[in-house]
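>>> quick check, what structure comes out for this input:
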Amino acid sequence: MTTDEATKSEGEVQAAAALAERGEDITPARDRGVLKIIKRPGSEDESPMIGDKVYVHYKGKLANGKKFDSSRDRNEPFVFSLGKGQVIKAWDIGVATMKKGEICYLLCKPEYAYGSAGSAPKIPSNATLFFEVELLDFKGEDLFEDGGIIRRIKRKGEGYSNPNEGATVEIHLEGFCGGTRFDCKDVKFVVGEGEDHDIPIGIDKALEKMQRGEHCILYLGPRYGFGEAGKPKYGIQANAELVYEVTLKSCGSAGPCAASTPCPWRGCSPAPAEADTSPRISVFLICSSLLVCFIFLAGVQGWFSYLFVALFLLYFLFFFPPWFFLLWGCGAQTTLLRVKC
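Got it, this is the predicted structure:
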């Protein structure tokens, strides 16, 4: 180890000790599970939001000072989506507090890192980890991977379901163009019919990716905004780029399938009533038992074979009469005494 490396390593050990003693607790629970000290402040005021793609350099060490990983050694930034569970909890919490260009130290307790399982072979069970993290850049989530709708989530929604096309939603929205607000309202409408309420198609599309209670910022390209027509009502020129802040306050299903069962499509039909087939099943079992007996007797006395054939024909015509096949095409439901169509 060179003198510079030894000095640097000693400095990191001191930083880890300082973190444990006076680091800022950044955990929501305030349980000192993740402690932070800023080594170099960032160059901007904005922090990444949930769902943002973030680019970082990092170096990780165990409590004893042994390095277990470093993106700098690979000369390749590490990229992940913030708040999506793609990294340890400490990183989702810590990186969300950083600014672009910031370098910080994070001290992570096991429950916010790899816990009792560890991460063999380099990270043992119940290990406290020390990281140096630099936030290089971040950008919003490209919802449809065409650059047309970029989402940045300010507050995460609840649950895992999304409003599908045809669902009724209630939202609060604010629209901006060139930094000027042109719209602000609470509105209730059916997803897919936003244009009837002067809402661009991009909002309809984005709602299908949102959860109830979510508050996000949407950056809409011209094709997902008001397009070439613009919106003279709001003073929006052709091919303008728009920014919306949207909160999904409530959402319902697209429509009922039968009594109160929600379904994911529009215009579904009630389920057909089920026929009472219990009498038919009983008769079927009795006749089947009798047929078995007649088959046995027919082998003993020849004249019983004629009776067996007659009974078999009656049995077949009873359960499968000629009109049964005619009515099958219109959904007939046959019972012992009646037929429904």
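>>> low-confidence ranges, this structure, go.
Counting by pLDDT under 70, the chain shows low-confidence ranges at 1-13, 15, 253-341.
>>> what about the helices in this protein?
For the chain, the helices defined by DSSP state H cover 3-22, 71-74, 89-95, 201-207, 278-300, 304-319, 322-328.
>>> and the second one, what's buried?
The neighbour-count check on helix 71-74 (16 or more other Cβ atoms under 10 Å) flags S71 as buried. Where you see a C-beta, it was placed from the backbone N, CA and C, and this is true even at glycine.
>>> surely M210 and L218 touch.
No: counting by Cβ atoms under 8 Å, M210 does not reach L218; the two are 9.6 Å apart.
>>> any shared contact partners between the two?
Common contacts of M210 and L218 (Cβ atoms under 8 Å, 6 or more residues apart in numbering): V246.
>>> and for the residue lying closest to P163 once chain neighbours are set aside, the neighbour number?
Among residues not flanking P163 along the chain, C251 sits closest, at 4.0 Å (Cβ to Cβ, 6 or more residues apart in numbering). Residues lying near C251 (other Cβ atoms under 10 Å) number 22.
>>> just the CA atoms of stretch 76-94, as CSV, please.
Extracted C-alpha coordinates of stretch 76-94, given in CSV (Å, rounded to 0.1, in the frame of the first residue of the first chain):
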residue,chain,number,x,y,z
GLU,A,76,-18.3,2.0,-14.9
PRO,A,77,-21.1,3.8,-13.2
PHE,A,78,-23.8,1.8,-11.5
VAL,A,79,-27.3,2.5,-12.8
PHE,A,80,-30.6,1.6,-11.1
SER,A,81,-34.2,2.9,-10.7
LEU,A,82,-34.7,4.6,-7.3
GLY,A,83,-37.3,3.4,-4.9
LYS,A,84,-38.1,0.2,-6.9
GLY,A,85,-36.3,-2.3,-4.6
GLN,A,86,-33.5,-2.9,-7.0
VAL,A,87,-30.8,-2.1,-4.4
ILE,A,88,-30.5,-2.4,-0.6
LYS,A,89,-32.9,-0.3,1.5
ALA,A,90,-30.1,2.0,2.6
TRP,A,91,-29.4,3.0,-1.0
ASP,A,92,-33.0,3.8,-1.8
ILE,A,93,-33.1,5.9,1.3
GLY,A,94,-29.7,7.5,1.0
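>>> circling back: how much space between the residue nearest to P163 and Q211?
Applying Cβ to Cβ, to the nearest Å, the value for C251 to Q211 is 9 Å.
>>> ok, now R223?
Applying Cβ to Cβ, the value for R223 to Q211 is 25 Å.
>>> and for I37?
According to Cβ to Cβ, I37 and Q211 sit 34 Å apart.
>>> give me every residue that touches K67.
So K67 contacts K59, G60, K61 (Cβ under 8 Å, 6+ apart).
>>> for PyMOL, what selects the buried ones among those?
In PyMOL, this line selects whichever of those come out buried by 16+ other Cβ under 10 Å:
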select buried, resi 59+60+61
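>>> okay, the contacts of K67 in JSON lines with distance to R151 next?
Listed next are those as JSON lines, based on distance: Cβ to Cβ, whole Å:
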{"residue": "K59", "distance to R151": "31"}
{"residue": "G60", "distance to R151": "30"}
{"residue": "K61", "distance to R151": "35"}
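>>> what's the closest of the contacts of K67 to A16?
Taking Cβ to Cβ as the measure, A16 lies nearest K61 of the contacts of K67, at 7.7 Å.
>>> correct me, but that closest one touches F68?
Yes: the criterion here is Cβ under 8 Å, and K61 meets it with F68 at 6.7 Å.
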